[in-house]
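1. kindly generate the corresponding structure for this input.
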Amino acid sequence: MEGGESTQTLLKALVLGAKVDDPSSRGGGEQALAFTDAGALAPPYDPEAMCLLVEHSNSLRQNVDAYATNIDGFGFRFDPVIDFEAEEARDRVRDTLTLERLAAREAGTLDSSTSVTPTADEANARFDELRQQSRIERARLEAFFDFACFDHSFVDLRRRTRQDLEVTGNAFWEVLRDGKGDLARFVYVPSYTVRLLPLDRDPVEVKERVRVSPVTFDTVSARRRLRRYVQIQGTERAFFKSFGDPRVISRNTGAVFPDVASLKTADATDGPATELLHFAIHSPRSPYGVPRWVGTLLSVLGSRQMEEVNYLYFENKSVPPMALLVSGGRLSDASVPRLERFIEENLKGKANFHKILILEADGSGTGDGGRAKIELRPLTDAQQQDALFQVYDERNIDKVGGAFRLPRMLRGESKDFNRATAESA
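-> From the prediction side, this is the model:
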């Protein structure tokens, strides 16, 4: 520069991206406070955060869908306890009749003069009776499960249950009964809306069925400590009781009443709570279930951060393909807008392959005889050619798949062979 002037270059560093907390440790805000006010136990992991993680993960959804499709999506079938078409069917019926008579003798309801070993005629009569009962029972079961849910099939209910179970570690069905107390309908309940209350202090006497023979049961009384549940959706709150709980419990408050009349006397708008069936992936440290992939939580979060870094590259990390260096002078006033317009309008399309850009430099006032030098220097070596952390992400995907014990083929990630090839091999 003339007159010994010096040039100062200012370098500024801009850090992009705000601090992000671990999604699994975020509080639920007002909803979490509402569950606490209802007396619910806190789950080890926030169920709603688990749902959001699956939505944002590049590896969890395909594993969950593989479970739902290959386990629950295949439907169901009814297998009889005794196959009456099998060769040993009559022997099994004879053993069944013997076990029933032994149980009756122990209970004191069988005459001591009656032999516990049935005769051939008694066994044949019992065989015909059980075969007829089996046909009737199958027909009733098929009719029930064809309409076990209100707005979807029983298979769809099981698929939803599997998805909740694998995402949050918990799943819930509301069980509705008819006027006779028999099962009537199953209703899917989103797991992230339900919390468990502590076990009741006082045990409750309940009726339980114990198997006497392959086809008969006896009813016994047992005392168990039961649990209540609470569901909160928005501003609505509802309490449920455990499946098989004989007590009358308030749907609005969770309080226990001696009968329905007492409940209605306390609040005419209230009603008895229905039963809730809880499915869980067992955890030894909590009554809640824990998803099987929670051990790979850091891998899931790391892959998500990797995706965000690669996405932000296009907005904040771009490096131009070349630099125009001018030494010994400066570009003329007319060349600068011409260069900008050429880059914006004439760098695309096959018609511009052989266009020539002429740049003019003004060398007046320089200290080397007015000679200016213009140089185009490529910067492609500094450009990122592909996404970052690809090997890291691939290993994370395999870790998550290992938590589900699913090979790449069942996750839809195998590129070398398909399922038909694997099965034929």
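2. contacts only, for the residue minimising distance to the centre of the chain.
-> Taking CA atoms, centre = their mean, the centroid of the chain lies closest to Val167, which sits 2.2 Å from it. Contact analysis of Val167 by CB atoms under 8 Å, 6 or more residues apart in numbering lists 50-51, 54, 60, 64, 191, 291. C-beta here means a position set from N, CA and C on the backbone, and glycine is covered the same way.
3. please repeat the previous calculation with a cut-off of 10 Å.
-> Counting by CB atoms under 10 Å, 6 or more residues apart in numbering, Val167 makes contact with 47, 50-55, 60-61, 64, 191-192, 291, 293.
4. one more: Asn396?
-> 57-59, 296, 298-304, 306, 389.
5. nearest residue to Ser299 in space, please, no chain neighbours.
-> Leaving out its chain neighbours, the residue that sits closest to Ser299 by CB to CB, 6 or more residues apart in numbering is Asn396, at 3.9 Å.
6. where does the one you found fall, secondary structure wise?
-> Assigned by DSSP states H and E, Asn396 falls within helix 390-403.
7. what's the distance between that helix and the middle of its chain?
-> 18 Å (CA atoms, centre = their mean, to the nearest Å).
8. separation between the residue nearest to the centre of the chain and Asp156?
-> Distance of Val167 to Asp156, given as CB to CB, to the nearest Å: 16 Å.
9. residue boundaries of the helices in the protein?
-> Along the chain, counting by DSSP state H, helices occupy 30-37, 47-56, 60-67, 89-107, 120-146, 154-168, 260-266, 297-316, 335-345, 390-403, 419-424.
10. what's the local residue count around Pro203?
-> 12 (other CB atoms under 10 Å).
11. equivalent analysis for the one 10 residues further on, please.
-> Each residue near Ser213 was counted by other CB under 10 Å, and the total is 19.
12. circling back: including mean pLDDT, could the helices of the chain go into TSV?
-> Output for the helices of the chain, formatted as TSV (pLDDT from 0 to 100):
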stretch	mean pLDDT
helix 30-37	89
helix 47-56	94
helix 60-67	94
helix 89-107	94
helix 120-146	96
helix 154-168	97
helix 260-266	95
helix 297-316	84
helix 335-345	75
helix 390-403	86
helix 419-424	63
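13. looking at those, which is closest to Pro272?
-> helix 260-266 (5.9 Å; CB to CB).
14. against which helices or strands is that closest one packed?
-> Contacts defined by 3 or more CB pairs under 10 Å, 6 or more residues apart in numbering; DSSP states H and E place helix 260-266 against strand 248-249, strand 256-257.
15. rebuild those as CSV, extending it with distance to Ser115, mean neighbour count and mean pLDDT.
-> Below are these laid out as CSV (distance: least, CB to CB, whole Å; neighbours: other CB atoms under 10 Å; pLDDT from 0 to 100):
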stretch, distance to Ser115, mean neighbour count, mean pLDDT
strand 248-249, 47, 20, 97
strand 256-257, 49, 18, 96
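16. I'd like to know which of the ones you listed lies nearest to Ala323.
-> Nearest of the helices and strands packed on helix 260-266 (CB to CB): strand 248-249, 74.9 Å.
17. for that closest one, give me every contacting residue.
-> 226, 228, 239-242, 255-263, 271-275.
18. surely Leu130 meets Thr96?
-> Yes: using CB atoms under 10 Å as the test, Leu130 is close enough to Thr96 to be in contact (7.6 Å).
19. quick revisit: which of the contacts of Val167 count as buried?
-> 47, 50-54, 60, 64, 191-192, 291, 293 (16 or more other CB atoms under 10 Å).
20. mutual contacts of Leu130 and Thr96, please.
-> 81-82, 214-216.
21. buried subset of those residues, written for PyMOL?
-> Filtering the shared contacts of Leu130 and Thr96 down to the buried ones (16+ other CB under 10 Å) takes a single PyMOL command:
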select buried, resi 82+215
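22. just curious, which of the shared contacts of Leu130 and Thr96 is nearest to Asp267?
-> Ranked by distance to Asp267 (CB to CB), the shared contacts of Leu130 and Thr96 are led by Thr216 at 43.0 Å.
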